[in-house]
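Peer 1: just a sequence and a predicted model for now, questions to come.
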Amino acid sequence: MKSTGELISTLLEEKDMNQKELAYKTGVSEVTISRYINGTRQPKSDILSKIAETLGVSTDYLLGKASINKPHLSSRDEKDVAKKLEELKDTLESQSGLLFSGNAMDEETREFLLASLERTIRQSKVLAKEKFTPNKYKK
């Protein structure tokens with residue numbers, strides 16, 4: 001069974017991401033990420049959650065308690081998500097008089113909407129992978 005650090009390292013390679021990027025996205029230092037990977041330190045639960053979210057897996061997977069039965073997004077998928085999200089953002093910004101619950105949409109509401117759309121796009125990609133490569137992801 002792989003350690004948490006080995007799993008993080010493997011996922012970084014699969015995602016075409018480096019330790020510096022993971023550190024930035026999770027709000028910890030690059031040295032700390034290196035220590036997690038080398039096994040000299042274990043992440044606290046809040047950091048483990050951020051790492052899992054960033055790498056598209058569950059915390060149980062990083063702790064070796066579960067396998068990945070669902071596909072995760074490749075770097076190409078990530079680029080597709082970013083492109084689609086940018087298109088949606090441009091569409092939202094070009095709309096005048098866009099309303100939410102009868103009121104003009106403020107910046108905070110727009111950001112919440114974009115975050116929700118991003119999660120939806122990501123989930124759609126995962127579901128499509130499950131549908132079109134089902135044997136690979138069956139339990």
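Peer 2: Cool, the structure landed.
Peer 1: quick one: pLDDT of Asn30?
Peer 2: One correction, residue 30 is Glu, not Asn. Predicted confidence (pLDDT) at Glu30: the value is 95.
Peer 1: list the contacts for it?
Peer 2: 19-20, 23 (C-beta atoms under 8 Å, 6 or more residues apart in numbering). The C-beta positions use only the backbone N, C-alpha and C, and glycine is treated the same way.
Peer 1: low-confidence ranges in the protein?
Peer 2: Counting by pLDDT under 70, the chain shows low-confidence ranges at 66-72, 96-100, 133-139.
Peer 1: which stretches of it form strands?
Peer 2: Remark: strands assigned in the chain by DSSP state E are 99-100, 103-104.
Peer 1: the last one: how far from the chain's middle?
Peer 2: I take that to be strand 103-104. Between the centre of strand 103-104 and the centre of its chain there are 31 Å (C-alpha atoms, centre = their mean, to the nearest Å).
Peer 1: the contacts of Glu30 into TSV, with extra columns for neighbour count?
Peer 2: Output for the contacts of Glu30, formatted as TSV (neighbours: other C-beta atoms under 10 Å):
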residue	neighbour count
Gln19	18
Lys20	12
Ala23	18
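Peer 1: which parts of the longest helix belonging to the chain are buried?
Peer 2: The single longest helix within the chain, with elements called by DSSP state H, is helix 107-132. By neighbour count on 16 or more other C-beta atoms under 10 Å, the buried set for helix 107-132 is 113, 117-118, 121-122, 125-126, 129.
Peer 1: check contacts around Glu78.
Peer 2: Lys15.
Peer 1: let me fix that: Glu6
Peer 2: Glu6 sits next to Ile37 when contact means C-beta under 8 Å, 6+ apart.
Peer 1: ok, the contacts of Glu30 vs Ile47, which is closest?
Peer 2: Nearest to Ile47 out of these is Ala23 (C-beta to C-beta; 10.5 Å).
Peer 1: so the closest one makes contact with Ile37?
Peer 2: No: checked against C-beta atoms under 8 Å, the pair Ala23 and Ile37 is beyond contact range at 10.9 Å.
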